[in-house]
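1. Got a predicted structure here, sequence first:
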Amino acid sequence: MGVPLFDTSTPVYGLRGELRGAVERVLDSERYILGPEVSAFEDEFAEYCGARHAVGVANGTDAITIALRAMGVGPGDEVVVPSFTFYASAEAIPPTGATPVFCDIDPETYCVTAETVKAAITPKTKAVIAVHLFGNVAPVAEIEALGVPVLEDAAQAAGSTSAAGRPGALGKTAAFSFFPSKNLGCFGDGGMITTSDEQIAERARTLRFHGSRDKVTYEQVGYNSRLDELQAAILRVQLPHLDTWADGRRAAGAHYEQAGLGELAKLPRPTDGSEPAWHLYVVGHPQVERLEEALTDAEIGHKAYYRAPIHRQAAMREWGEGVELPGTEEAARTHLAIPMSPVLTQEQAEEVVAVARSAI
Ligand SMILES: Cc1ncc(COP(=O)(O)O)c(C=O)c1O
């Protein structure tokens, strides 16, 4: 029996009737763009996060770019971003006119720290992107205490919690992705900006619609970047289940621990006070290729997501050349994502750990 890397269909299987109903509701309404489903989901999602406003956009990458611009980031500014994350975290910066400045991570948590961010701050720093990587929660308050506003990249962290609150309500703004494999996923692309700052929310609403408030006059060069009614209706069915799924992800992590995975490989360490809803369960080992080979042979899903960190990607040469990030390099060399989902069972975890035991 193989174990898949993730399972997006089992969790929503019992919701199929409700999902069909939601799609029909949109069909009957004949409203497809920026209608009642999007505004209801924006309200529900803002309340879930503990933020005052939520603004639906077309995807998580646009959510970062638009949130940065709404925060006032533009040409001549620098934005600090980790290099060990999905490429979009950094890719979203140059379209604002600002420059990405890469910072290191703690390879135990895979998140930035106040120290790694501080080392990258200059007088030109306008914002910091703190990525809640793999569902772990970056220390946003400690970073904002350095005197720079934080945009949380919460694409992987819907359902996670921390002592200070949920992702989405920790920094000045936050960006979410509803890509289908995410903790809260739609059936296509979708994204959200959350903030408790009225002005930032208003600017983001304007930017997502071509820089216009009234669809007749255009104040800024903006974007056509909207969450559509169908995706919002689908997300409204799923949001009430997010906490149960988050518990399932935590339970899956506990299954791995109980099966003894910690004796074989480095387990991801939750940041202080956080309870991650693990989006990816990423372990570390100095000879990780042995684990990769054994899991391949046993048909167990696994993936090294960020072997080449962003500052070493060709598209980022202009900003990445000469940058030295030891924690990033260690994580890049040794990490491996193993199966994780809200429905991963103890038996599946034991099977993965038995294969790992034979290999490392
Ligand atoms: C950390 C992170 N940031 C940003 C994104 C971009 O989101 P999207 O694919 O919806 O544009 C993703 C996911 O794809 C992600 O994992």
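-> Ah, there it is. Residues are numbered from 1 along each chain as shown.
2. Close to the ligand: what parts of the stretch 1-150 of the chain are there?
-> By the rule Cβ under 6 Å from any ligand atom, the part of the stretch 1-150 of the chain lying against the ligand is N59, G60, T61, T85, F86, A88, S89, V131. Placement of C-beta: from N, CA and C, glycine included.
3. mind listing the helices for the stretch 1-150 of the chain?
-> 10-13, 16-29, 36-49, 60-70, 88-91, 114-118, 140-144 (DSSP state H, counting those that start in this stretch).
4. Quick check: which of these is buried the most?
-> For the helices of the stretch 1-150 of the chain, the largest average neighbour count (mean count of other Cβ atoms under 10 Å) is found in helix 60-70, namely a mean of 27.
5. Could you list the residues of the stretch 201-350 of the chain in contact with the ligand?
-> Residues of the stretch 201-350 of the chain lying near the ligand (Cβ under 6 Å from any ligand atom): none found.
6. Now do the strands in the stretch 201-350 of the chain.
-> With DSSP state E, counting those that start in this stretch, the ranges of strands along the stretch 201-350 of the chain come out as 281-284, 335-338.
7. Turn the ones you listed into JSON lines, columns for mean neighbour count and mean pLDDT.
-> Rendered in JSON lines, the data for the strands of the stretch 201-350 of the chain read as follows (neighbours: other Cβ atoms under 10 Å; pLDDT from 0 to 100):
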{"stretch": "strand 281-284", "mean neighbour count": "24", "mean pLDDT": "98"}
{"stretch": "strand 335-338", "mean neighbour count": "23", "mean pLDDT": "98"}
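8. could the ones you listed be laid out in JSON lines, adding distance to G35?
-> Supplementary listing: these in JSON lines, determined by distance: least, Cβ to Cβ, whole Å:
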{"stretch": "strand 281-284", "distance to G35": "37"}
{"stretch": "strand 335-338", "distance to G35": "37"}
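9. Which of these sits closest to F187?
-> F187 lies closest to strand 335-338 among those, at 23.0 Å (Cβ to Cβ).
10. Excluding its own residues, what touches the closest one? List them.
-> With contacts defined as Cβ atoms under 8 Å, 6 or more residues apart in numbering, strand 335-338 is touched by 5, 110, 134, 256, 280-285, 288, 291-292, 295, 300-306, 352, 356.
11. and what of stretch 39-59?
-> 38, 63, 66, 165-169, 174, 176-177, 179, 189-198, 200-201, 204-205, 208, 223-227, 232-233, 235-236, 239, 242.
12. In ChimeraX, how would I select just the buried ones from those residues?
-> Buried residues among the contacts of stretch 39-59 (16 or more other Cβ atoms under 10 Å), as a ChimeraX selection:
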select :38,63,66,166,167,168,169,174,176,177,179,189,190,191,192,193,194,195,196,197,200,201,204,205,208,223,225,226,227,232,233,235,236,242
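13. just checking, A127 touches G147?
-> No - A127 lies out of contact with G147 (Cβ atoms under 8 Å); the separation is 11.6 Å.
14. So for these two, which residue has more residues nearby?
-> A127 (25 against 8; other Cβ atoms under 10 Å).
15. quick one: contacts for the nearest residue to I234 once chain neighbours are set aside?
-> The shortest distance from I234 to any non-neighbouring residue, by Cβ to Cβ, 6 or more residues apart in numbering, is to C186 (5.1 Å). Contact partners of C186, counting by Cβ under 8 Å, 6+ apart, are F178, P180, Q231, I234, L235.
16. next one: phi and psi at C186?
-> Main-chain dihedrals, C186, degrees, to the nearest 10: phi -100, psi -170.
17. Nearest to G14, out of the strands of the stretch 201-350 of the chain?
-> strand 281-284 (23.7 Å).
18. The one residue in the stretch 251-360 of the chain that gets nearest to the ligand: how many residues sit nearby?
-> Of all residues in the stretch 251-360 of the chain, H279 sits closest to the ligand, at 7.7 Å by Cβ to the nearest ligand atom. Other residues near H279 come to 25 when the count uses other Cβ under 10 Å.
19. show me the contacts for it.
-> Here H279 is in contact with F134, G135, Q156, A157, K182, N183, R249, M340 (Cβ under 8 Å, 6+ apart).
20. How many neighbouring residues does A315 have?
-> Neighbour number of A315 under other Cβ under 10 Å is 12.
21. So it versus R357, what's the distance?
-> Applying Cβ to Cβ, to the nearest Å, the value for A315 to R357 is 40 Å.
22. Quick check: S358 touching A294?
-> Yes - when contacts are counted by Cβ under 8 Å, S358 is listed as touching A294 (6.1 Å).
23. Mind checking the pLDDT average for the lengthiest helix in the chain?
-> In the chain, assigned by DSSP state H, the helix with the most residues is helix 242-258. Mean pLDDT, helix 242-258: 98.
24. Alright, I will stop here.
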